[in-house]
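*Asks:* The sequence isn't on hand, but the structure is:
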Ligand SMILES: [Zn+2]
């Protein structure tokens, strides 16, 4: 796709009339003046299409045009190779080139399908139970497994036409609110290949989703793009399928091994994967993880993708997720889950509609891993204790060096840009010497920031709510009693629950908390104020919400509401602040409207 590269117009003379390039089915036409942008990214702005509400237009910033013009021209030319939208997935691929009417040979941007925020949500909103509630999304585990499968289908389709995503992360993936249809966005950042030849390299990568072998490689130099996509896909799928969006490189390490990395990138480089079939003696899984319930083939696939470089292909993932869908069971409350016990309500399972062909106990034997010190299902605090004892280390010497990051990653320094704008293989020069001065410094972040669209409801902020930030437990003393604790996590109060709350809301009173003796003796930080905080949490908080108390060392996780059947509520209480050992209690209301706890 060679083209002439005339000097670009000065920035102050940006054209106001645009032309859509002709295609076989549509003649070229002028589209007039665009209204205000509805979104802005590092490379350009997004506008509503003046004539077609199903489309939007992306125009690059003047200094970014040369780096993208040939690439989007190529993409528009091969758009008919991209699979059409289906109920499984769609790819938001450049459809038609947009140019200045006075300079039709010079692409300024492209048109693409419009995804309405009322119908689509970023995939990371689908990973965590609190975010799902905030967005009104289904809690169905089967739907999440379907989303994983549909994501594999989309990536597989892209690989088949020589497109590799590279900067594959939840922020670049949308999921339909009504189901598990996946949409891949930001396609102009992909690496495009013709056979083994790179036609257009990728410009960005994100460290948390970059395979360890490419951590120190610039995004436009990644030479095995399928392997990079395979790693990023596995990280995303792992968080979707595990409880509370646990990260694959989270875990519990021992202070007896003080020089171990504590961040996800460092741990991936060191191969510290806590969830493997073969336990890693350096790191133990998070206690709430449900990875031990997964079918063996699924666990093997994650082991290969995250703890080796021999990663499954997307076609492998399609086979594995297809089998996994057939392994799902349903409990009496209709929750889908793997294994014999529902990870949502704890009840035993019944075969699902697509269900098993043999009773679960024999299937379960096949699903569970061979016996090992950390291989048995660990679901409660005592499980953590057993795992630690099996490692021969005293419990008191364990502390969480890193907690799972339940909120979506923030668009901060994690994104790495290629050192220069991507140079198309056709040899277009980078920034033209006569290019206009930059309007403003451009951050090396491709994150699209939605602006308030005039006819849409307010977009969801990409910044995660501080309510779900896990407090850091690093460098806390083993215990930190506090008598001045207060809740740091006010209720989310979604409308439906807020409407219902007044009927049972009482002023929190410490006398309404009734603890079993063993728990009362162990909770070092409990006073009247803290008891009131727990009562308030039992009254008003949603499943999965955390109760955080503030100490002089910072905010510390004190308890977390679990999932249980009304009217009772389960709660995990951390008797020593800063320690990962917790007590699991079930609180049920009595006739005096007290919450009476008992051991689960
Ligand atoms: Zn259940």
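*Replies:* Yes, it's here. Not measured: the values here are computed from a predicted model.
*Asks:* use CA for all of it now, contacts and neighbours both
*Replies:* Noted.
*Asks:* So, low pLDDT: which residues of the stretch 251-400 of the chain?
*Replies:* Scanning the stretch 251-400 of the chain for pLDDT under 70 picks out the ranges 349-400.
*Asks:* Helices along the protein, start to end?
*Replies:* 65-77, 129-135, 141-160, 225-241, 264-270, 296-307, 314-327, 360-367, 381-390, 495-500, 517-522, 528-540 (DSSP state H).
*Asks:* mind checking which of those is nearest the ion?
*Replies:* helix 141-160 (10.5 Å; C-alpha to the ion).
*Asks:* which strands and helices sit next to that closest one?
*Replies:* Applying 3 or more C-alpha pairs under 8 Å, 6 or more residues apart in numbering; DSSP states H and E, one finds that helix 141-160 contacts strand 89-91, strand 182-184, helix 225-241, helix 314-327, strand 336-337.
*Asks:* can you list these in TSV and add distance to the ion and mean neighbour count?
*Replies:* Listed next are these as TSV, based on distance: least, C-alpha to the ion, whole Å; neighbours: other C-alpha atoms under 10 Å:
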stretch	distance to the ion	mean neighbour count
strand 89-91	29	24
strand 182-184	26	26
helix 225-241	16	24
helix 314-327	16	18
strand 336-337	7	24
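*Asks:* Turn these into CSV, columns for distance to residue 64.
*Replies:* CSV is the format used below for the helices and strands packed on helix 141-160 (distance: least, C-alpha to C-alpha, whole Å):
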stretch, distance to residue 64
strand 89-91, 23
strand 182-184, 22
helix 225-241, 24
helix 314-327, 32
strand 336-337, 47
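*Asks:* what are the phi and psi angles of residue 114?
*Replies:* phi -90, psi 130 (degrees, to the nearest 10).
*Asks:* tally of neighbours for it?
*Replies:* A count of neighbours around residue 114, defined by other C-alpha atoms under 10 Å, yields 17.
*Asks:* before we move on, back to that, save the helices of the chain as CSV, and put in distance to residue 286 too.
*Replies:* Converted to CSV, these look like this (distance: least, C-alpha to C-alpha, whole Å):
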stretch, distance to residue 286
helix 65-77, 43
helix 129-135, 17
helix 141-160, 19
helix 225-241, 13
helix 264-270, 14
helix 296-307, 16
helix 314-327, 23
helix 360-367, 20
helix 381-390, 8
helix 495-500, 30
helix 517-522, 22
helix 528-540, 23
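*Asks:* Make sure residue 65 is actually in contact with residue 108.
*Replies:* Yes: in terms of C-alpha atoms under 8 Å, residue 65 counts as a neighbour of residue 108; the distance is 6.2 Å.
*Asks:* In the chain, which residue sits nearest the ion?
*Replies:* For the chain, C-alpha to the ion, closest residue to the ion: residue 345, 4.0 Å.
*Asks:* For that residue, give me its contacts.
*Replies:* 333, 563-565 (C-alpha atoms under 8 Å, 6 or more residues apart in numbering).
*Asks:* farthest pair in these?
*Replies:* 333 and 563 (12.5 Å; C-alpha to C-alpha).
*Asks:* Of those two, which one has the most company?
*Replies:* residue 563 (19 against 14).
*Asks:* Could you list the low-pLDDT ranges of the stretch 451-600 of the chain?
*Replies:* Using pLDDT under 70, the stretch 451-600 of the chain drops low at 451-507, 551-555, 579-580.
*Asks:* swap the cut-off to 80 and go again
*Replies:* 451-508, 521, 528-529, 540-546, 548-557, 563-566, 577-582, 591-592 (pLDDT under 80).
*Asks:* For burial, what's the neighbour tally of residue 557?
*Replies:* 23.
*Asks:* What is the burial count for the closest residue in space to it that isn't next to it in sequence?
*Replies:* In this structure, residue 557 finds its nearest non-sequential neighbour in residue 548, 4.5 Å apart by C-alpha to C-alpha, 6 or more residues apart in numbering. By the criterion of other C-alpha under 10 Å, residue 548 has 25 neighbours.
*Asks:* Please look at residue 548 and residue 558 and confirm they touch.
*Replies:* Yes: counting by C-alpha under 8 Å, residue 558 is a contact partner of residue 548 at 5.4 Å.
*Asks:* Between residue 65 and residue 108, point out the one with more neighbours.
*Replies:* Between residue 65 and residue 108, residue 108 has the larger neighbour count (other C-alpha under 10 Å), namely 26 against 22.
*Asks:* hmm, back to that, for residue 587, which of the helices and strands packed on helix 141-160 is the nearest?
*Replies:* It is, among those and with distance given as C-alpha to C-alpha, strand 336-337, at 24.4 Å.
*Asks:* Run through the residues of this structure sitting next to the ion.
*Replies:* 331, 335, 342, 344-345 (C-alpha under 5 Å from the ion).
*Asks:* Show me those that map onto strands.
*Replies:* Residues of the residues of the chain next to the ion located in strands (DSSP state E): residue 331.
*Asks:* For the buried ones among the residues of the chain next to the ion, write the corresponding PyMOL selection.
*Replies:* Those of the residues of the chain next to the ion that count as buried under 16 or more other C-alpha atoms under 10 Å are selected in PyMOL with:
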select buried, resi 331+335+342+344+345
